[in-house]
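A.B. asks: dropping the sequence and predicted coords here.
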Amino acid sequence: MKYRTLGSTGLKVSVIGIGTWQFGGEWNKTFEQQEVNEMFARGQELGINLVDTAECYGDHLSECLIGKALEGQRDQWIIATKFGHQFHECFHRSEPRTPKDCLQQLEDSLKALRTDHIDLYQYHSWADQQFFDDDVLAVLHQAKAQGKIRHLGNSVGNNQNVKQVQASRERGIEFIQIVYNRLDRAPENTCFPICEEQQLGVLARVPLASGYLSGKYKPGVRFPEGDVRAKWKAPDLDKKLLEVERIQREEVPAGVSMAEWALAWCLKNPVVTSVIPGCKSVEQVQSNARAVSLIENGLVSI
């Protein structure tokens, strides 16, 4: 495993993390505690030390699974979670975003994660009007002073949202999370220059483009009910998968896993601190970690 410093936080995070939206039940799979335990145990063996979750991945369900899996080894992991949504049922959420709401969500996340502090606490896809609420920011900094939050971040909802990213330093935000992958390179021209200027860490979410860049899916595939991808329109889906086929044919070295290549591709950009792919099994945790070897072997250069 390789490690990079997350912006100005001073934290050394593994360049491959574990994303956990799938634990909340919106990706057509229900997880048992034992298999989550096994995924994190294997991740730790492979040198992974970063996990990203949110209070709305299930009703703190993902956080609860993580909290139990990491019990007794909390100090060996950097935990990132988010606030600003409330899960009601699959694909339905509300947005509790008053200062009181945010403090309650923080307390609920601490309880679910079985910890007294959160390393990386993130706004979760807030609109500008809410994001720039100074009363919310004040209670977050108060919680930080109390030691409940170590570092504040922003999981940016829109890749074009330069305004929020530009305001990071003045609001005490030390890192952002943003969609970045071979199919969506928008941050290279919008947010990444600001991140370099302000020394912001960058967590690249959806690095496999919701599984498209895994190479498993071909044009014509349709996702089953209960999978968040089932709501995506067929023409757009097929267009993306045709582009994936072109990328695999023209850019991925022969004999190389496309999923591993796609993760390494994100990491070749020095602005990116870590990628946080979702994973549904121990085998996927292992595959994600192998992306580092592509960099070491020169198949993807940084």
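C.D. replies: Done, it's in. For clarity, every value in this text was computed on a predicted model and none was experimentally measured. Residues are numbered from 1 along each chain as shown.
A.B. asks: please make it C-alpha for all contacts and neighbour counts, starting now.
C.D. replies: Noted.
A.B. asks: quick one, helices of the stretch 201-302 of the chain?
C.D. replies: 234-250, 258-267, 282-296 (DSSP state H, counting those that start in this stretch).
A.B. asks: reformat those helices as CSV; add distance to Gln129, mean pLDDT and mean neighbour count.
C.D. replies: Below are these laid out as CSV (distance: least, C-alpha to C-alpha, whole Å; pLDDT from 0 to 100; neighbours: other C-alpha atoms under 10 Å):
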stretch, distance to Gln129, mean pLDDT, mean neighbour count
helix 234-250, 31, 92, 15
helix 258-267, 31, 96, 25
helix 282-296, 37, 93, 18
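A.B. asks: any idea which of those helices gets closest to Trp77?
C.D. replies: Nearest to Trp77 among these is helix 282-296; the distance by C-alpha to C-alpha comes to 15.5 Å.
A.B. asks: from the chain's centre, how far out does that closest one sit?
C.D. replies: The chain centroid and the centroid of helix 282-296 are separated by 17 Å under C-alpha atoms, centre = their mean, to the nearest Å.
A.B. asks: got the angle for it vs helix 258-267?
C.D. replies: Between the axes of helix 282-296 and helix 258-267, defined by axes from the mean of the first three to the mean of the last three C-alpha atoms, to 10 degrees, the angle is 50 degrees.
A.B. asks: for helix 282-296, name the packing helices and strands.
C.D. replies: helix 33-45, helix 258-267 (3 or more C-alpha pairs under 8 Å, 6 or more residues apart in numbering; DSSP states H and E).
A.B. asks: now that helix - C-alpha only, CSV.
C.D. replies: Coordinates of the C-alpha atoms in helix 282-296 are reproduced here as CSV (Å, rounded to 0.1, in the frame of the first residue of the first chain):
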residue,chain,number,x,y,z
VAL,A,282,-13.4,-9.5,0.3
GLU,A,283,-12.4,-10.3,-3.3
GLN,A,284,-13.3,-6.7,-4.3
VAL,A,285,-11.3,-5.2,-1.4
GLN,A,286,-8.3,-7.2,-2.6
SER,A,287,-8.8,-6.2,-6.2
ASN,A,288,-9.0,-2.5,-5.3
ALA,A,289,-5.8,-2.8,-3.3
ARG,A,290,-4.0,-4.4,-6.3
ALA,A,291,-4.4,-1.1,-8.2
VAL,A,292,-1.3,0.1,-6.3
SER,A,293,0.9,-2.5,-8.1
LEU,A,294,0.0,-1.0,-11.5
ILE,A,295,1.6,2.2,-10.4
GLU,A,296,4.6,0.4,-9.0
